[in-house]
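Q: Whatever this is, show me its structure:
(one chain, ligands or ions: 1)
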Amino acid sequence: MPGFGGLEAPNEDGTRHSKDGSRDSRDHLPSLMASCYPITLKFMDVCYKVKVQGTNTQGISIKRVLNHGSTPSDQEKTILNNITGMVSPGEMLAILGPSGSGKSTLLNALAGRLQHGHGNLSGSLLANNRKPTKQIAKRTGFVTQDDVLYPHLTVRETLVFCSLLRLPNTLSTKDKISVAETVLSELGLSKCENTIIGNSFIRGISGGERKRVSIAHEMLINPSLLILDEPTSGLDSTAAHRLVSILGSLTQKGKTIVTSMHQPSSRVYQLFDSVLVLSEGRSLYFGKGSEAMGYFEATGFSPSFPMNPADFLLDLANGVCKLDGVSERERPNVKQTLIASYNTLLAPKVKAACMETTPVPAKDSHFVGSHCSEEGRCSNRFDLHLVLSV
Ligand SMILES: Nc1ncnc2c1ncn2[C@@H]1O[C@H](COP(=O)(O)OP(=O)(O)OP(=O)(O)O)[C@@H](O)[C@H]1O
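A: Next comes the predicted model:
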């Protein structure tokens with residue numbers, strides 16, 4: 001039966017044959033999708049400040065009304081304050097923190113999506129020890145918090161359509177469709193491939209499937225670096241675990257993954273290789289997920305009963321912590337204490353690790369697995385310009 005775009009269904013043995021009976025080029029696509037150009041991402045002393053009032057003439061009169069006739073004065077708000085960390089190929093870095101702690105802003109900074117003129121971004125961002133190039137940007141996938149999927153298309157149509165639009169013309173139409181099919185099965189979407197996406201008015205796929213379609217959408221370009229903003233929001237813990245396990249399997253193919261997450265379960269937390277805990281734009285912890293509890297215990301903060309490490313880290317980032325034997329009045333300002341501990345104990349080590357030169361992969365053009373090779377053209381949905389200065 002012809003599918004979307006006139007694709008013929010596979011033969012019973014799962015392989016495809018061209019009209020002359022020979023195996024066609026799609027047979028090599030799964031292995032092509034599996035290969036990946038390794039990217040080590042380092043970010044050092046990233047700061048982001050915005051002016052929050054009276055910075056432009058637009059809306060100035062309404063601001064005057066809201067301020068009871070007085071002219072609003074300029075105020076600078078620091079959203080990210082000296083954030084340092086790194087993530088290597090085959091690793092998943094989770095950015096944890098309460099709402100408003102700066103997770104999305106940091107992810108946008110790492111992907112080069114913070115717009116010029118909207119704020120002051122400083123610090124350094126390195127991909128494979130160098131300032132990120134356009135090639136790195138092309139190999140970066142970004143999954144936003146709110147998806148932008150067309151509700152009337154089926155899952156399969158969505159991916160095939162995107163594949164035809166986004167992949168370079170060096171691939172044939174058949175190959176592009178085959179890439180969509182490979183990604184579809186890789187993300188466990190085969191069961192719902194003929195269900196429409198839907199929205200709040202039209203019933204369609206489930207929330208978990210929807211998140212996976214958004215990830216599949218970015219996977220079409222076979223990104224080496226995948227950045228995801230809250231991919232598990234709105235999912236139950238089983239669906240969230242399934243989705244993060246899929247991300248884990250992508251890291252095993254050499255991809256570098258950075259994701260923000262609100263409330264991971266302990267099972268999900270165990271899947272993270274490293275963790276960055278943010279509180280009001282400042283780092284409280286950067287390091288292995290498995291070592292976080294030990295670190296906080298050493299600085300004097302430990303839970304009074306066994307609990308999900310992610311819950312404990314979020315409590316700390318919110319400044320909520322019961323200290324045994326310490327009265328309410330004597331209790332130190334938890335956040336200030338943790339920031340000070342990070343700055344003295346961890347920050348120098350994290351910086352030293354970032355300063356170390358990591359192996360640089362062979363020339364980009366040797367990378368055959370990318371659909372966005374030096375020679376090929378890749379129509380990335382976003383114009384990714386990395387704006388951090390070195
Ligand atoms: N351009 C901007 N102008 C003013 N304030 C901003 C701007 N961008 C972000 N902020 C503020 O910076 C803080 C961090 O925002 P961000 O979206 O990064 O937080 P978050 O940790 O991702 O939150 P959530 O988990 O709720 O998505 C928030 O208080 C937000 O209101």
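Q: So what touches stretch 182-194?
A: 29-30, 33, 154-156, 159, 163, 205-206, 209, 212-213, 215-216, 219-220, 242, 246 (C-beta atoms under 8 Å, 6 or more residues apart in numbering). For glycine as for every other residue, the C-beta is placed from the backbone atoms N, C-alpha and C.
Q: Distance from the chain centre to it, please.
A: Distance, stretch centre to chain centre, for stretch 182-194: 21 Å (C-alpha atoms, centre = their mean, to the nearest Å).
Q: how long is it end to end?
A: Stretch 182-194 has an end-to-end distance of 15 Å (C-alpha to C-alpha, to the nearest Å).
Q: Return the set of buried residues in that stretch.
A: Residues T182, V183, L184, E186, L187, G188, L189, C192, E193 are the ones in stretch 182-194 that count as buried (16 or more other C-beta atoms under 10 Å).
Q: Among those residues, which pair sits farthest apart?
A: T182 and C192 (16.5 Å; C-beta to C-beta).
Q: ok, then the element right after the lowest-mean-pLDDT helix or strand in the chain?
A: Here the helix or strand of the chain ranked lowest by mean pLDDT, DSSP states H and E is helix 29-34, holding a mean of 49. Downstream of helix 29-34, the first helix or strand assigned by DSSP states H and E is strand 41-51.
Q: Which strands border that following strand, and is each parallel or antiparallel?
A: strand 76-87 (antiparallel), strand 120-127 (antiparallel) (DSSP bridges).
Q: Could you see whether the ligand lies near stretch 232-250?
A: No: if you take C-beta under 6 Å from any ligand atom as the test, stretch 232-250 misses the ligand, and the best it gets is 8.4 Å.
Q: List the buried residues of that stretch.
A: In stretch 232-250, counting by 16+ other C-beta under 10 Å, buried: T232, L235, A239, A240, H241, R242, L243, V244, I246, L247, G248, L250.
Q: Pick out whichever of the residues you listed sits closest to the ligand.
A: T232 (12.0 Å; C-beta to the nearest ligand atom).
Q: Which pLDDT value goes with that closest one?
A: In the prediction, the pLDDT value recorded for T232 is 89.
Q: ok, it touching I246?
A: No: between T232 and I246 there is no contact under C-beta atoms under 8 Å: 11.1 Å.
Q: got the residues of the stretch 201-350 of the chain near the ligand?
A: H262.
Q: What are the boundaries of the helices in the stretch 201-350 of the chain?
A: For the stretch 201-350 of the chain, the helices defined by DSSP state H, counting those that start in this stretch occupy 207-219, 237-251, 266-269, 292-298, 309-317, 334-341, 347-355.
Q: what's the distance between E356 and the ligand?
A: As for E356, its distance to the ligand is 29 Å (criterion: C-beta to the nearest ligand atom, to the nearest Å).
Q: try I79
A: Counting by C-beta to the nearest ligand atom, the gap from I79 to the ligand is 4 Å.
Q: returning to what we had before: which one of the strands paired with strand 41-51 is the most hemmed in?
A: Comparing the strands paired with strand 41-51 by mean neighbour count (mean count of other C-beta atoms under 10 Å), strand 76-87 ranks first with a mean of 20.
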